[in-house]
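*Asks:* can't give you the sequence, but here's the structure:
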């Protein structure tokens, strides 16, 4: 799919989306004039968001599908993605703006414990802005894996279970509850 910009009766290739997460604003009248020739036009498009026919002059093309400009929204904050960015993120059945993607899944995609990359499809654990493989989220002393709901202490970049926490003189007393960013198929956490 090429996106065209009409200027002085000529069509110029603006860009070709290279990623399924790239947003492209399409002028449907220009696309019809360029692609369809005389009278043919392009077939009516259906919106991937609402399923309705797209008759608007402008539409979005992202993730190999067409969208009304008001239908492509962040699953968490409901921001209209065409208004705020040229990219969007998709994970776990959600379409996300950059801010919500980073908030839910972390910045780097690299485990803070082992330094290995975290595949996009893998569930993660988070603490103090760091992201971990589920298997790497363990107590630094006993190596027991911590699960959502467990109390833990985060001290100088290390995680400790409630039982193995360092002496109270070493840390300020705070007891965060563990939260996982993993989502069940029918669950949305924002």
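*Replies:* The structure has been received and is ready for your questions. All figures in this text were calculated on a predicted structure; none of them were measured in a lab.

*Asks:* where along the protein do the strands fall?
*Replies:* For the chain, the strands defined by DSSP state E cover 3-7, 10-15, 24-27, 45-46, 53-54, 58-62, 65-68, 89-91, 94-96, 124-127, 130-133, 152-155, 158-161, 179-180.

*Asks:* Return the member of these having the minimum mean pLDDT.
*Replies:* Lowest mean pLDDT of those: strand 10-15, a mean of 24.

*Asks:* can you pull the contacts of the closest residue to residue 83 other than its chain neighbours?
*Replies:* Excluding the flanking residues, the one nearest residue 83 by C-beta to C-beta, 6 or more residues apart in numbering is residue 69, at 7.8 Å. Any C-beta I mention is one placed from the backbone N, CA and C, and that applies to glycine too. Residue 69 sits next to 25, 56, 58-60, 80, 82-83 when contact means C-beta atoms under 8 Å, 6 or more residues apart in numbering.

*Asks:* Relative to residue 120, which of those residues is nearest.
*Replies:* Comparing the contacts of residue 69 against residue 120 with C-beta to C-beta places residue 60 closest, at 22.1 Å.

*Asks:* so what are the domain limits for the chain?
*Replies:* 3-102, 107-169 (automatic domain parsing).

*Asks:* so the closest residue to residue 121 other than its chain neighbours bridges to which residues?
*Replies:* With sequence-adjacent residues excluded and distances taken as C-beta to C-beta, 6+ apart, residue 121 is closest to residue 91, at 8.0 Å. When bridges are called by DSSP bridges, residue 91 pairs up with residue 94.

*Asks:* if we can go back for a sec, out of the contacts of residue 69, who has the most neighbours?
*Replies:* In terms of neighbour count, residue 60 stands highest of the contacts of residue 69 at 26 neighbours, by other C-beta atoms under 10 Å.

*Asks:* Please report how far that residue lies from residue 99.
*Replies:* Distance, residue 60 to residue 99, by C-beta to C-beta, to the nearest Å: 19 Å.

*Asks:* Just to check, residue 88 is in contact with residue 73?
*Replies:* No. The pair residue 88 / residue 73 is not scored as a contact, 9.4 Å apart, by C-beta atoms under 8 Å.

*Asks:* So for the two, which residue has more residues nearby?
*Replies:* residue 88 (26 against 19).

*Asks:* Contact partners for the more buried one?
*Replies:* 21, 23, 62-63, 72, 74, 81, 95-97.
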